[in-house]
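In: would you be able to build a 3D model of this:
(chains A and B)
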Protein chains: 2
Amino acid sequence: MKFGMQAILTAVPNEGNALAKIMLEAASIVAPVKGCERYIVQQSLTDDTKILITEVWASQEDHQASLSNEQVQALIARAKPIIATMEYHPAQFLGGYGC
Amino acid sequence: MKFGMQAILTAVPNEGNALAKIMLEAASIVAPVKGCERYIVQQSLTDDTKILITEVWASQEDHQASLSNEQVQALIARAKPIIATMEYHPAQFLGGYGC
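Out: Got it, this is the predicted structure:
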């Protein structure tokens, strides 16, 4: 079963763009990590503090293992202070187009 | 500016799998539509009535035009009766990996 998720990270006021930059950096860090297949970063058009993340992984184990990657942990530590709330939906990837 | 979105469609009770099927069909319908770049269908692991959709389009205009596509309209009509709620976040696609 392919693992995936959607998350909505809400930045603290005025830090939406800064958080978006960090999450784009996250995409480049996880790109070579085993099992990472998609890491999509988007910014809400109705509230620019909301950064929308969609991920697809070959397995939940691969995703879990990525969280102990030192670069990933360093990035999470940098992002945390400017994240006000996080909505997180772990999911089963079913399919679609261009993915 | 590339247009994108995340949506969470919550099905009426016991219709999560049926809604997932319809949304996978939606992916095949929009695949050849001008400007459609990604249409990802996932099902929440914590609530299987929640179907998570991530879309990326070349432009908001292309996405808007797709909504008047007859096949898309017919599919929306089929899905509506089994959708209880929809959370919709129109977004600017910023980038990422594998996308």
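In: just the element for A:Cys99, please.
Out: Applying DSSP states H and E as the criterion places A:Cys99 outside every helix and strand.
In: in which helix or strand would I find the nearest residue to it once chain neighbours are set aside?
Out: Once flanking residues are discounted, A:Cys99 sits nearest to B:Ile40: 4.7 Å by CB to CB, 6 or more residues apart in numbering or on different chains. (C-beta placed from N, C-alpha, C; glycine too.) According to DSSP H and E, B:Ile40 maps onto strand B:36-44.
In: you'd agree A:Ile53 is in a helix?
Out: No: using DSSP: H, G, I helix; E, B strand; the rest coil, the assignment for A:Ile53 is strand, not a helix.
In: and A:Ile83, backbone torsions?
Out: phi -100, psi 120 (degrees, to the nearest 10).
In: could you pull out the buried residues of stretch A:69-86?
Out: A:Asn69, A:Val72, A:Leu75, A:Ala79, A:Ile82, A:Ile83 (16 or more other CB atoms under 10 Å in any protein chain shown).
In: quick one: the longest helix along chain A to strand A:36-44, angle?
Out: Ranked by number of residues, the top helix in chain A under DSSP state H is helix A:16-30. Put simply, helix A:16-30 runs at 170 degrees to strand A:36-44, going by axes from the mean of the first three to the mean of the last three CA atoms, to 10 degrees.
In: which elements pack onto helix A:16-30?
Out: Applying 3 or more CB pairs under 8 Å, 6 or more residues apart in numbering or on different chains; DSSP states H and E, one finds that helix A:16-30 contacts strand A:3-11, strand A:36-44, strand A:50-57, helix A:70-79, strand B:83-97.
In: does chain B have contacts with the first one?
Out: Going back to what we said before, that points to strand A:3-11. Yes: counting by CB under 8 Å from any CB of the partner chain, chain B has neighbours in strand A:3-11: A:Gly4, A:Met5, A:Gln6, A:Ile8.
In: which two among those residues are spaced furthest apart?
Out: The distance between the two most remote of these (CB to CB) is 14.6 Å, for A:Gly4 and A:Ile8.
In: rewinding a little: what is the burial count for the residue nearest to A:Cys99?
Out: 28 (other CB atoms under 10 Å in any protein chain shown).
In: next one: A:Met23
Out: For A:Met23, using other CB under 10 Å, the count is 25.
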